[in-house]
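>>> after the sequence you'll find the predicted model.
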Amino acid sequence: MTTRHVEIRYPATEIDRKWQKRWENDGIYRVKDDDPRPKWYELTMYPYPSGDLHVGHWYVMAPADCHARFRRMQGYNVLHPMGFDAFGLPAENAAISRGIHPHQWTMDNIANMRRQFRSMGPMYDWKRELITCLPEYYRWNQWLFLQLYKKGLAYQAEAPVVWCPSCKTVLANEQVVNGRCERCDTPVTRRALRQWFFSITSYAEELLDFSGFTDWPEKILTMQRNWIGRSQGVEIAFDISHYGLEERELRTFTTRIDTIYGVTFMVLAPEHPLVEKLTAPDQRAVVQAYVEETQRQTEIERLSTEKEKTGIPLGAYAVNQLNGERVPLYIADYVLTTYGTGAVMGVPAHDQRDYEFAKKHGLPISTVIAPPDGAGAEDGRAFTEEGTMVNSGQFDCMASPNAVEAIADLVESKGWGHRAVSYRIRDWLISRQRYWGTPIPIVYCAACGTVPVPEDDLPVLLPPNAEFKPTGKSPLATNEEFVHTTCPSCGGEAHRETDTMDTFVDSSWYMFRFASPHYDKGPFDPALVEKWLPVDQYTGGAEHAVMHLLYARFFTKALRDMGLVKFDEPFLRLFNQGIIIAGGAKMSKSRGNVINPDDYVESLGADVVRTYLMFLGPWDQGGDWTDTGINGVARWMNRIWDLFQRDTEKLPENVQNAQALAQTRRKLHQTIEKVYNDLDRFKFNTAIAALMELSNHLARAWDQGEIDAPLWGECVEKFLVMLAPLAPHNAEELWERVGHPYSVHNQPFPKWDPTLAAEEMITLVVQVNGRLRDRLEVPASISESDAKELVLASPKVRPHTQNKTVKNLVYVPGRLVNIVVD
RNA sequence: GCCGAAGUGGCGGAAUGGUAGACGCGCCGGUCUCAAAAACCGGUGGGGGCAACCUCGUGUCGGUUCGACUCCGACCUUCGGCACCA
């Protein structure tokens, strides 16, 4: 901000306020459910009300608003709503550190952010605003929870959960980044707690089906695919009946059943339920120590790939039923209880991890697949490719991919196991030991057990008083009045669930709520959801590629199966904007390069800030904010302000230069086409560049007396309509000053005439062997033979073709002729 | 390690098989001014040439093509995601 700003030559702030007020009073952007035009639902991911709107928010919201405005001008009835994702950790952490109640803090922030949003001049219909921390919203979280519970999709389980020792709360797997808490970066640990889960895994297979999308970035699909992590294999039992236990077999999952004859050991997760029973007496002490050691380890330590493969023998064995071999059993921390069966078979010859484990523990390495070229595999590595079966009994000599099927058939026919699919994705843990969230509507009764709160008793209000600072216990447990209740079933004494829901529950269905944000007979009005949904265009950051988008898709499918909605996917199209940086570096307080949009709006007006954000680079790639860069847009706004208010009386009556007039008209229609197509595809930067070209052209045409009043008027009118979605305030003000009736925002986007846009003369590029040698101005209608003749006659070409044979003439109509010579 | 995206002037970027560098920033020169700022006009990839022009040039090396920033292969660098998943 040390750079001096260009001075704005018009009363920007006044204009901003004037029109924001007028639009508000007129309700020009009010969304009507019964509007006959085709609907278009354009949704931007709603923000956390964590304080001030920073330039990152502007970068997300302003271009999205421009695109929604463009759709409106295309003739759609556009729903482009805004709300606040008001529950959750950021609000609560901030409230804790400032000693203000989360509700107060959140609502104050919302008021401030709403004011800042208005300064941007967006087309939000504030009558549709939603705030998730209010009972009118979160009671439907509770209602939806009860529906999921009824469907068996919400359940309780004790499970090792990820625990952040700093936030003193359980985290979802998705909230763990590299073994650290997403919010505070503290390495996470594990704990066993009784928690509520949503069974997203029930939909794992369907969530892999992306066929319901119209347009999603490939990158996001890949990330979701990897996150769900489907693998196909065989679940097979190894025999442990010789121990006379209740369990007669040890089950394992493998994607490589073709290597079953090469199993030389098995490894169980330290938490595996059979570990206790199978451990030999003389191994008990060391096994127990290892199990404890594992529990102490943080996720980050345990999952480090650099770590040596530790493990402890149980002093027990299992029998491979295919060849009758006894294989020793180990426990090791690299085997996870949460994936497959919690036990893996060790095939050191054909799995690199097993190979390292075998080397470390002196276990035999038995080759059962030979490389196809017969070359030796060994030299310190496992052979993990396909090949020819060896040492595999009846399957010898078979190609290993065929053996996969043959062995699976045998395993199934013998009843030793079956084909199976495993997913990496785990059920969604929604319980939070936090105050600032939706209370889970469950009551525990000594007589009746777990009892859902009756729908008529909703909402279960979040009490204003509780010790919400983290203590390790759920804050709501400190409020006696809240906890003690009567059982809805038997009327006896009971206590409430004191955990609250993950905030991602709120955002999993908010897109439905916007269809009827104040509906009080259900989470949404079914007729209006049917009208508005699914979302036609969703925009937001790629950081929500996995959790939010997957959860919202899951909710939609669950609601569909309950008969509440009729579609499979909530978001037809998805566009991810990039990240804005400043001066080549990420914005941060320590760097001192944080851009506060309010300062710029104050001095340059909202439109310069909006337009610059869209001009500084392609939206999907993010951009670099520079204080000198914004001056360019400010200058341009100054120039068009003066240009369009020039006195048209001064223009000549009759311009004799018909060619110049046609040229200007052509430029206008070419610009309309370009801006239309660019705005359509979120290419704001090139749309603005095209408008700059047009304004430069118009200024030149005026100065050179090559334009008359009617054409000038037409150009200015269409220019302002095209400017309207980008710079709504200035476009409206100029529209009025030029003498058009209110409002520019109710104009349809201009149409271009391809005939008028077509060039009469073209530059014919002349190449010799692909190298540029000449450019010829020729009529666009030139015939191929004329063009070729002209080109060969060019004096600039001749020196390059002399004494050479012309082998070929490549003709690209309207573009070039390439002369191919020896 | 695996998956994905991206590498173009001094800078942000434009051009997705056909004139590389649109548009803007910055810089240089000029007009105006006592002067500066602003504004306006002109110039601005490198090398050579008085000039017309020539030549090199889109991370590196190869390939396809009449023609490649663009398509294909390998590599290098940067960024993002996932990471002992059996």
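Noted; the coordinates are in hand. Numbers count the residues shown, from 1 in each chain, chains lettered A, B, ... in the order given.

>>> could you use CA atoms for every contact and neighbour count after this?
OK.

>>> which bits of the stretch 351-500 of chain A sit near RNA strand B?
A:353, A:422-424 (Cα under 7 Å from any atom of the strand).

>>> so where do the strands sit in the stretch 401-550 of chain A?
Here the stretch 401-550 of chain A has its strands, by DSSP state E, counting those that start in this stretch, at A:417-423, A:428-429, A:431-432, A:442-445, A:449-452, A:484-486, A:493-496, A:500-501, A:535-541.

>>> still on that earlier bit, now the residues of the stretch 351-500 of chain A next to RNA strand B: which count as buried?
By neighbour count, with 16 or more other Cα atoms under 10 Å, these hold A:353, A:422-424 as buried.

>>> picking that back up, make CSV out of the strands of the stretch 401-550 of chain A and add mean pLDDT.
Below are these laid out as CSV (pLDDT from 0 to 100):
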stretch, mean pLDDT
strand A:417-423, 93
strand A:428-429, 90
strand A:431-432, 88
strand A:442-445, 96
strand A:449-452, 96
strand A:484-486, 95
strand A:493-496, 95
strand A:500-501, 94
strand A:535-541, 95
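
>>> which of the ones you listed sits closest to residue A:550?
strand A:428-429 (10.5 Å; Cα to Cα).

>>> is the closest residue to RNA strand B within the stretch 151-300 of chain A bridged to anything, and to what?
Across the stretch 151-300 of chain A, the shortest distance to RNA strand B (Cα to the nearest atom of the strand) belongs to residue A:254, at 2.4 Å. For residue A:254, the beta-bridge partners are residue A:234 (DSSP bridges).

>>> hmm, residue A:687 is touching residue A:678, no?
Yes. If you go by Cα atoms under 8 Å, residue A:687 and residue A:678 touch, sitting 5.5 Å apart.

>>> next one: residue A:430 relative to RNA strand B, how far apart?
Computed as Cα to the nearest atom of the strand, to the nearest Å, the residue A:430 to RNA strand B distance reads 18 Å.

>>> report how many residues lie close to that residue.
Neighbour count of residue A:430, defined by other Cα atoms under 10 Å: 21.

>>> would you check that it makes contact with residue A:200?
No. Assessed by Cα under 8 Å, residue A:430 is found out of contact with residue A:200, at 11.2 Å.

>>> what residues does the stretch 551-700 of chain A have near RNA strand B?
A:616-618, A:621-624, A:628-633, A:635-636, A:639, A:685-686, A:688-690, A:692-693, A:696.

>>> thinking again about what came up before, the residue of the stretch 151-300 of chain A closest to RNA strand B contacts residue A:344, correct?
Yes. Using Cα under 8 Å, residue A:254 makes contact with residue A:344 at a distance of 7.4 Å.

>>> strands along the stretch 1-150 of chain A, start to end?
Secondary structure of the stretch 1-150 of chain A (DSSP E, counting those that start in this stretch): strands at A:39-44, A:77-79, A:83-84, A:130-131.

>>> list the neighbouring strands of the second one plus their orientation.
If I follow you right, that is strand A:77-79. strand A:39-44 (parallel).

>>> please apply the same query to the last one.
In the sheet containing strand A:130-131, its partner strands are strand A:83-84 (parallel), by DSSP bridges.

>>> the partner strand: how far from the chain's middle?
18 Å (Cα atoms, centre = their mean, to the nearest Å).

>>> residue A:657 and residue A:700: what is the separation?
In this view, residue A:657 and residue A:700 are 14 Å apart by Cα to Cα, to the nearest Å.

>>> what's the answer for residue A:522, then?
Look at residue A:522 and residue A:700: by Cα to Cα, they are 61 Å apart.

>>> repeat that for residue A:311.
Residue A:311 is 79 Å from residue A:700, by Cα to Cα.

>>> who's more crowded, these two?
For residue A:311 versus residue A:700, neighbours defined as other Cα under 10 Å are more numerous around residue A:311 (20 against 13).

>>> the spatially closest residue to that one that is not a sequence neighbour: neighbour count?
Here the nearest residue to residue A:311 in space, its sequence neighbours aside, is residue A:332; by Cα to Cα, 6 or more residues apart in numbering that works out to 4.2 Å. Neighbourhood size, residue A:332 [other Cα under 10 Å]: 23.

>>> distance of residue A:332 relative to residue A:270?
Separation of residue A:332 from residue A:270 (Cα to Cα): 6 Å.

>>> find the residues that touch each one of those two.
By Cα atoms under 8 Å, 6 or more residues apart in numbering, residue A:332 and residue A:270 have no common neighbours.

>>> stretch A:283-299 near RNA strand B anywhere?
No. Judged by Cα under 7 Å from any atom of the strand, stretch A:283-299 stays clear of RNA strand B, getting no closer than 8.6 Å.

>>> what residues does that stretch touch?
A:179, A:187-190, A:270-271, A:279, A:302, A:312-315, A:331, A:333.

>>> who wins on neighbours among those residues?
Counting neighbours by other Cα under 10 Å, residue A:270 leads the contacts of stretch A:283-299 with 29 neighbours.

>>> hmm, that residue is touching residue A:330, no?
No. With contacts counted by Cα under 8 Å, residue A:270 stays clear of residue A:330, the gap being 9.0 Å.

>>> state the number of residues packed around the closest residue to RNA strand B within the stretch 701-822 of chain A.
Taking Cα to the nearest atom of the strand, RNA strand B has its nearest neighbour within the stretch 701-822 of chain A at residue A:770, 3.9 Å off. Per other Cα under 10 Å, the neighbour tally for residue A:770 reads 12.

>>> doesn't residue A:238 lie inside a strand?
Yes. When DSSP: H, G, I helix; E, B strand; the rest coil is applied, residue A:238 is found to be in a strand.

>>> can you pull the contacts of it?
So residue A:238 contacts A:249-252, A:318-321, A:416 (Cα under 8 Å, 6+ apart).

>>> and those residues, which of them are in strands?
Using DSSP state E, A:249-252, A:318-320 are the members of the contacts of residue A:238 that sit in strands.

>>> among those residues, which two are most distant?
Farthest pair in the ones in strands among the contacts of residue A:238, by Cα to Cα: A:252 and A:319, 12.5 Å.

>>> can you give me the strands in the stretch 551-700 of chain A?
Using DSSP E, counting those that start in this stretch, strands in the stretch 551-700 of chain A cover A:571-577, A:580-582, A:623-625.

>>> kindly report the same for the stretch 251-400 of chain A.
Applying DSSP E, counting those that start in this stretch to the stretch 251-400 of chain A gives strands spanning A:265-268, A:312-320, A:325-331, A:343-346, A:369-370, A:388-389.

>>> pLDDT-wise, which helix or strand of chain A ranks last?
Counting by mean pLDDT, DSSP states H and E, the weakest-scoring helix or strand in chain A turns out to be helix A:299-302, with a mean of 56.

>>> what's the closest of the strands of the stretch 1-150 of chain A to RNA strand B?
strand A:39-44 (19.5 Å).

>>> how far off strand A:535-541 does the closest one point, in degrees?
Angle of strand A:39-44 versus strand A:535-541, following axes from the mean of the first three to the mean of the last three Cα atoms, to 10 degrees, is 10 degrees.

>>> just how off-centre is strand A:39-44 within its chain?
With Cα atoms, centre = their mean as the basis, strand A:39-44 stands 16 Å off its chain's centre.

>>> with stretch A:55-75 instead?
So, by Cα atoms, centre = their mean, the centroid of stretch A:55-75 is 18 Å from its chain's centroid.

>>> also stretch A:691-710?
Averaged C-alpha coordinates place stretch A:691-710 at 43 Å from its chain's average position (Cα atoms, centre = their mean).

>>> quick one: contacts for whatever residue of the stretch 1-150 of chain A ends up closest to RNA strand B?
The nearest approach of the stretch 1-150 of chain A to RNA strand B comes at residue A:6, 5.5 Å away (Cα to the nearest atom of the strand). Contact partners of residue A:6, counting by Cα under 8 Å, 6+ apart, are A:631, A:634-635.
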